[in-house]
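Have a look; sequence and predicted model below, questions after that.
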Amino acid sequence: MSETSRKLTTIFSADVQDYTRLMRNDEEGTLATLKRYRDAMARLIEAHGGRVINTWGDGVFAEFPSVVEALRAAIDVQNELAGYNANSDPDTRMLFRIGLNLGDVIAEGNDIYGDGVNIAARLQACAVAGGIVISNTVYDQVRNKVAVGFDFLGQLEVKNIDGGVPSYAVRIGAQQTATPPTSPLGARDQAPSTARTIVAAARGERGYGVFAVVAMGLAVINILTWHGQFWAGWPVLGIAIAAGLRWARTNTQIDRRLATFAVVGAGLIGINLLSWHGTPWAIWPLLVLAVLAGIRWVTRERGDV
């Protein structure tokens with residue numbers, strides 16, 4: 001039995017869009033194209049210091065010691081395969097979707113296992129045909145080192161991962177933002193993929209506008225029905241806290257726990273002011289939050305979010 005160990009690595013996961021349809025139309029031709037494309041991918045992966053781990057079904061699974069080289073390999077793969085497809089019949093074009101994740105995995109022999117692997121596979125499933133989706137762990141390492149753009153897609157829900165995984169689409173072509181993710185299994189999976197895209201958009205900046213509009217609406221209703229009491233302060237405060245917690249959970253540029261402590265502290269101050277009876281009771285829970293934030297600050301790992 002092979003010895004197991006843990007390691008940090010960049011996982012590369014790719015598969016073919018509409019592979020079932022391609023095989024149904026032309027098995028031999030599809031297999032020949034798949035072999036040609038896989039050979040090109042293996043060559044580019046090795047050129048960037050990666051290692052092909054598996055090529056089950058229509059997929060390609062690899063790992064890289066360098067996050068930057070993993071992304072460069074993925075971009076080179078999509079660009080080279082786009083050239084192949086440009087000279088092919090539209091009905092026989094083979095488009096790959098690629099997902100990249102930097103994570104801690106269990107290594108056994110030549111294989112790797114764990115949540116880091118599962119996340120890469122889920123990212124790949126959410127990519128558009130011919131596109132690349134990366135996790136926030138990859139984004140944090142490559143955003144200033146590779147000359148491409150990124151579009152935040154929101155929180156990708158992954159089994160056994162609390163709070164989901166923030167994900168980004170890599171801008172390597174117009175199709176990255178023009179087409180929703182499509183499943184290789186056909187129409188029965190297109191609705192969930194489109195739903196993920198809609199949810200990601202709803203979780204973008206426009207979502208905060210909804211919070212603001214609702215809060216303003218409540219304030220206006222309170223003013224128009226004024227009876228000497230500013231009752232709208234409570235629901236407005238609740239909305240503000242909800243928006244703040246959402247921001248703390250989805251923002252990848254800051255430490256999420258510290259941001260959450262700050263939002264909760266601001267909420268406590270607001271509650272104290274709205275229920276003011278001459279006692280600043282909020283200072284005690286604020287002190288506890290400050291201690292917890294200090295502990296988090298001194299114990300967090302560099303780059304931890």
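Yep, it's here.

Low-confidence stretches in the stretch 201-305 of the chain?
For the stretch 201-305 of the chain, the stretches with pLDDT under 70 are 201-208, 249-255, 300-305.

Contact partners for A242?
With contacts defined as Cβ atoms under 8 Å, 6 or more residues apart in numbering, the neighbours of A242 are F211. C-beta: built from backbone N, CA, C; applies to glycine.

And it, how far from A70?
Distance from A242 to A70, counting by Cβ to Cβ, to the nearest Å: 37 Å.

same question, T33
When distance is defined by Cβ to Cβ, T33 is 24 Å away from A70.

Of these two, which one has the most company?
Using other Cβ atoms under 10 Å as the criterion, T33 and A70 rank with A70 on top: 29 against 19.

Secondary structure element for that one, which one?
helix 67-86 (DSSP states H and E).

buried residues in that helix?
Neighbour-count burial for helix 67-86 flags 67, 69-78, 81, 85 (criterion: 16 or more other Cβ atoms under 10 Å).

try stretch 275-293
282, 286, 289, 293.

What about those residues, which are in helices?
Secondary structure from DSSP state H places 286, 289, 293 of these in helices.

wait, what's in contact with the first one?
Just to be clear, that refers to L286. Residues near L286 by Cβ under 8 Å, 6+ apart: 265, 268-269.

any idea how far it is from G265?
L286 is 5 Å from G265, by Cβ to Cβ.

where exactly do the strands run in the chain?
Here the chain has its strands, by DSSP state E, at 4-16, 51-54, 60-64, 96-108, 111-113, 132-135, 149-158, 161-171.

Could you look over the ones you listed and pick the most buried one?
Most buried of the strands of the chain by mean neighbour count (mean count of other Cβ atoms under 10 Å) is strand 132-135; its value is a mean of 29.

Parallel or antiparallel, list what pairs with that strand.
Strand 132-135 has these partner strands in its sheet, going by DSSP bridges: strand 96-108 (parallel), strand 161-171 (antiparallel).

thinking again about what came up before, include mean pLDDT and distance to T299 when you put the strands of the chain into TSV, please.
Listed next are the strands of the chain as TSV, based on pLDDT from 0 to 100; distance: least, Cβ to Cβ, whole Å:
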stretch	mean pLDDT	distance to T299
strand 4-16	94	19
strand 51-54	93	34
strand 60-64	95	29
strand 96-108	94	18
strand 111-113	90	28
strand 132-135	96	23
strand 149-158	87	25
strand 161-171	86	19
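
if we compare those, which one ends up closest to A215?
Checking these against A215 by Cβ to Cβ gives strand 149-158 as the closest, at 22.3 Å.

if we can go back for a sec, of all the buried residues of helix 67-86, which comes closest to L274?
Among the buried residues of helix 67-86, and counting by Cβ to Cβ, the member closest to L274 is V67, at 46.7 Å.

and of the buried residues of stretch 275-293, the nearest to T299?
Distance to T299, by Cβ to Cβ, is smallest for A293 among the buried residues of stretch 275-293, at 11.1 Å.
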